[in-house]
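Engineer: Make a model of this:
(chains A and B)
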Amino acid sequence: ILNVEQSPQSLHVQEGDSTNFTCSFPSSNFYALHWYRWETAKSPEALFVMTLNGDEKKKGRISATLNTKEGYSYLYIKGSQPEDSATYLCAYSLFSGGYNKLIFGAGTRLAVHP
Amino acid sequence: DTAVSQTPKYLVTQMGNDKSIKCEQNLGHDTMYWYKQDSKKFLKIMFSYNNKELIINETVPNRFSPKSPDKAHLNLHINSLELGDSAVYFCASSQDFFRSANTEAFFGQGTRLTVV
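Structural biologist: Take a look at the predicted model:
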């Protein structure tokens, strides 16, 4: 069984705080690691897709790093704003049996309080 | 313009009924998916089609039957609905995921199915 673990499950921070969460995934048969942002009543939207060990990606105040050898990725949010409140999902792309599929974690629910 | 649209958004139906959820994408993607959000909030893949061909069929009861009339559409038909089928179902698409797993998936807004 291949599991993607995300921690913490939920997080409450004050506006202006910086925060980070973790995604752990199996390091074997790794193909890609995806981060998605999912606001309530909306669709999950892709933030980053990373493939190489040591990859770092940035979009505005949000950045992510990837360690494929030890099987983890961090997502960082600098100076959190209320509009950053959402569930952040990571998904591990497994290549098996001739095709790829995404295995999702349960997400980290972030609430940013003004 | 909604990239991935699924209808209906909400569906309340009685046990034993047959229902369909429709999904359309206007992104020109080759690959489409159905995911189910389970009780623990995980998104679990149910089916994936690539160019109208079924590629992934996870352990899903055969009451669930996907149909892809063309590569822009992937509909989900459910026969003999049961209480346990109540969940949120998400459609998604991506550009040729099977050759390039580093392409992102685009999701619809979900269909909340309630079986009573």
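Engineer: Quick check: the gap between B:Asn79 and chain A.
Structural biologist: 25 Å (C-beta to the nearest C-beta, to the nearest Å). Where you see a C-beta, it was placed from the backbone N, CA and C, and this is true even at glycine.
Engineer: Give me the buried positions along the helix or strand of chain B with the lowest mean pLDDT.
Structural biologist: Taking mean pLDDT, DSSP states H and E as the measure, chain B has strand B:53-57 as its least confident helix or strand, at a mean of 81. By neighbour count on 16 or more other C-beta atoms under 10 Å in any protein chain shown, the buried set for strand B:53-57 is B:Ile55, B:Ile56.
Engineer: And the contacts of that strand?
Structural biologist: The contact list for strand B:53-57 (C-beta atoms under 8 Å, 6 or more residues apart in numbering or on different chains) reads A:Tyr99, A:Lys101, B:Thr31, B:Tyr33, B:Ile45, B:Phe47, B:Ser48, B:Tyr49, B:Pro66, B:Ser68, B:Phe98.
Engineer: Correct me if wrong: the second one contacts B:Ile45.
Structural biologist: Yes: when contacts are counted by C-beta atoms under 8 Å, A:Lys101 is listed as touching B:Ile45 (5.6 Å).
Engineer: Pull stretch A:27-41 out as PDB, backbone CA atoms only.
Structural biologist: C-alpha atoms of stretch A:27-41 as PDB (Å, rounded to 0.1, in the frame of the first residue of the first chain):
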ATOM      1  CA  SER A  27      10.700   7.200  -2.300                       C
ATOM      2  CA  SER A  28      10.600   4.200  -4.700                       C
ATOM      3  CA  ASN A  29       9.100   4.500  -8.200                       C
ATOM      4  CA  PHE A  30       8.900   8.200  -7.800                       C
ATOM      5  CA  TYR A  31       7.900  10.200 -10.900                       C
ATOM      6  CA  ALA A  32       6.500  13.500  -9.800                       C
ATOM      7  CA  LEU A  33       5.100  15.300  -6.800                       C
ATOM      8  CA  HIS A  34       2.200  17.700  -7.100                       C
ATOM      9  CA  TRP A  35       0.900  20.400  -4.800                       C
ATOM     10  CA  TYR A  36      -2.700  21.600  -5.100                       C
ATOM     11  CA  ARG A  37      -4.500  24.400  -3.300                       C
ATOM     12  CA  TRP A  38      -8.200  23.700  -2.600                       C
ATOM     13  CA  GLU A  39     -10.500  26.500  -1.400                       C
ATOM     14  CA  THR A  40     -13.800  25.600   0.100                       C
ATOM     15  CA  ALA A  41     -16.600  25.200  -2.600                       C
END
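Engineer: Rounded mean pLDDT for it, please.
Structural biologist: The pLDDT scores in stretch A:27-41 average 88.
Engineer: Now do the strands in the chain.
Structural biologist: This is for chain A. In chain A, the strands defined using DSSP state E lie at A:5-7, A:10-14, A:19-24, A:30-38, A:45-50, A:56-59, A:62-67, A:72-77, A:86-96, A:99-104, A:108-113.
Engineer: Chain B, not that one
Structural biologist: Under DSSP E, chain B gives strands at B:4-7, B:10-13, B:19-25, B:31-37, B:43-50, B:53-57, B:64-67, B:75-78, B:87-94, B:106-107, B:111-115.
Engineer: Spit out the contact partners of the closest residue to chain A within chain B.
Structural biologist: Taking C-beta to the nearest C-beta as the measure, chain B has B:Glu104 as its residue closest to chain A, at 3.4 Å. Residues near B:Glu104 by C-beta under 8 Å, 6+ apart: A:His34, A:Ala46, A:Val49, B:Ser94.
Engineer: With A:Val4 instead?
Structural biologist: A:Cys23, A:Ser24, A:Phe25, A:Cys90, A:Ala91, A:Tyr92, A:Ile103, A:Phe104, A:Gly105 are the contacts of A:Val4 under C-beta under 8 Å, 6+ apart.
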